[in-house]
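Asker: What follows is a protein structure lacking sequence information:
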């Protein structure tokens, strides 16, 4: 026997980090993207922050009146969904700063004759710039997907004694920002005191040029854009003298990812740097991910470090309150399944691989141990939600690692679950758990 239905959960008691919010949104987008209607009846509504609710409600009422006029009976899935959406908006006090996204529509259930109204309300991670009202046979998810695409911004700085070029890399796109010239003449072969005086003057001019370039870098990479990492390039020794000297703002100094040898320091050097750094950029962790992963592996490598790996130790630590941060990849195939007997309400809980449909069928085909009933309702709960619910009880937090990187690969090799501990639990605490 198969379960009557599986309910997907994308929420939990408390969201403890931005990475978890992103994880839940990715899961919801994936779930909604699978939904299709037989006709145009799915509603997608994007409202920018600051828009007046009365104005939005009035616009939707006009849509409702027009649709009702076209419908002979003034009814249907689209109209019912729209009416419920209007009522939902009337309960809102104001549109959040980042805006509001609502998806509404009647979704199919296991019973083809029965559809259920589903309404998903989302505060997006990035501000919405334009109002959108769409009715189609699928949900309009692209604006939300755009907000989740890789937001890493990498600064490129090519420098030699005559020129410096600054650029930004977003994904595969390169933007040239600025070019600075030094005005310093090339080296000469003068001898004696004239040569030494010339070299001192030239070094002073070069130092002044380095400071000017650093000011441009602060403006472009910190004020105009907040870069994730910085790559410094150029021919010869100049790039090393600049990057190792006390010129750059400390934030940019700490953001240096690598240095690259190039043929020049002009605009063409930026493209050369982008090409030579492609593998580094592809495997680059986000700063917040890198920081937590470095700390995790540091503790794991200690003989008595404050870290554990594996799902069972992480869950046990969360329940005991010993976990400070639980870390999980976004690619886990595990989920927690609640099987509730529809006759007596007895519930069992199993952690299974989502692909293990055979075990799930076996669970729901086994008569209830309490009443021998054989009809079950199955609830699937994402493992991040399971960790979140446990973490919310002890003020721990959960971090989800998204970026394909060396750090993520190491975590996957450990089973995809790990945690940094507040303290090592005593033998009695472990026994009690």
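Answerer: Yep, it's here. This one's a predicted model, so the numbers in the text were calculated from it and none came from an experiment.
Asker: roughly how far out does the one helix or strand residue 22 maps to sit from the chain middle?
Answerer: Here residue 22, judged by DSSP states H and E, is contained in helix 18-33. Helix 18-33 sits 9 Å away from the centroid of its parent chain (C-alpha atoms, centre = their mean, to the nearest Å).
Asker: And for stretch 33-48?
Answerer: 24 Å.
Asker: Run through who's touching that stretch.
Answerer: Stretch 33-48 is touched from outside by 56, 60, 76-78, 81-82, 85, 95, 99-107, 127-141, 143, with contacts defined as C-beta atoms under 8 Å, 6 or more residues apart in numbering. From N, CA and C alone the C-beta is placed, and that goes for glycine too.
Asker: in it, what counts as buried?
Answerer: Using 16 or more other C-beta atoms under 10 Å as the test for burial, stretch 33-48 gives 37, 41-48.
Asker: what's the answer for stretch 233-245, then?
Answerer: For stretch 233-245, by 16+ other C-beta under 10 Å, it's 233-235, 238-239, 241-243.
Asker: okay, those in a markdown table with distance to residue 122 and pLDDT next?
Answerer: Output for these, formatted as a markdown table (distance: C-beta to C-beta, whole Å; pLDDT from 0 to 100):
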| residue | distance to residue 122 | pLDDT |
| --- | --- | --- |
| 233 | 41 | 96 |
| 234 | 45 | 95 |
| 235 | 50 | 94 |
| 238 | 49 | 93 |
| 239 | 45 | 94 |
| 241 | 50 | 93 |
| 242 | 45 | 95 |
| 243 | 42 | 91 |
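Asker: Quick check: of those residues, which lies closest to residue 281?
Answerer: When the buried residues of stretch 233-245 are ranked by distance to residue 281 (C-beta to C-beta), residue 233 comes first, at 13.2 Å.
Asker: who does the strand or helix carrying the closest one pair up with?
Answerer: Applying DSSP H and E as the criterion places residue 233 in strand 229-234. Each strand paired with strand 229-234, and its direction, by DSSP bridges: strand 153-159 (parallel), strand 256-261 (parallel).
Asker: Show me how far it is from its chain's centre.
Answerer: Averaging C-alpha positions (C-alpha atoms, centre = their mean) puts strand 229-234 25 Å from its chain's average.
Asker: Outside of that strand itself, list whatever touches it.
Answerer: Contacts with strand 229-234, where a contact means C-beta under 8 Å, 6+ apart, come from 152, 154-160, 217, 221, 239, 242-243, 252, 255-262, 264-265, 269, 272-273, 276-277, 280, 284, 287.
Asker: what's the next secondary structure element after it?
Answerer: helix 238-244.
Asker: Identify each buried residue in the longest helix that the chain contains, please.
Answerer: Once the chain is assigned using DSSP state H, the helix that runs over the most residues is helix 192-218. Neighbour-count burial for helix 192-218 flags 202, 206, 209-210, 213-214, 216-217 (criterion: 16+ other C-beta under 10 Å).
Asker: got any ranges where the chain has weak pLDDT?
Answerer: Across the chain, the ranges flagged by pLDDT under 70 are 1-16, 71-75, 109-113, 149-151, 186-193, 282-287, 427-433.
Asker: Map the structural domains onto the sequence of it.
Answerer: 36-138, 153-283, 288-432 (automatic domain parsing).
Asker: Mind checking those for the one nearest to residue 28?
Answerer: Closest to residue 28 of those is domain 36-138 (C-beta to C-beta; 6.4 Å).
Asker: From start to finish, how long is that closest one in a straight line?
Answerer: In domain 36-138, first residue to last residue: 5 Å (C-alpha to C-alpha, to the nearest Å).
Asker: next one: stretch 36-49
Answerer: Its start and end residues considered, stretch 36-49 measures 29 Å (C-alpha to C-alpha).
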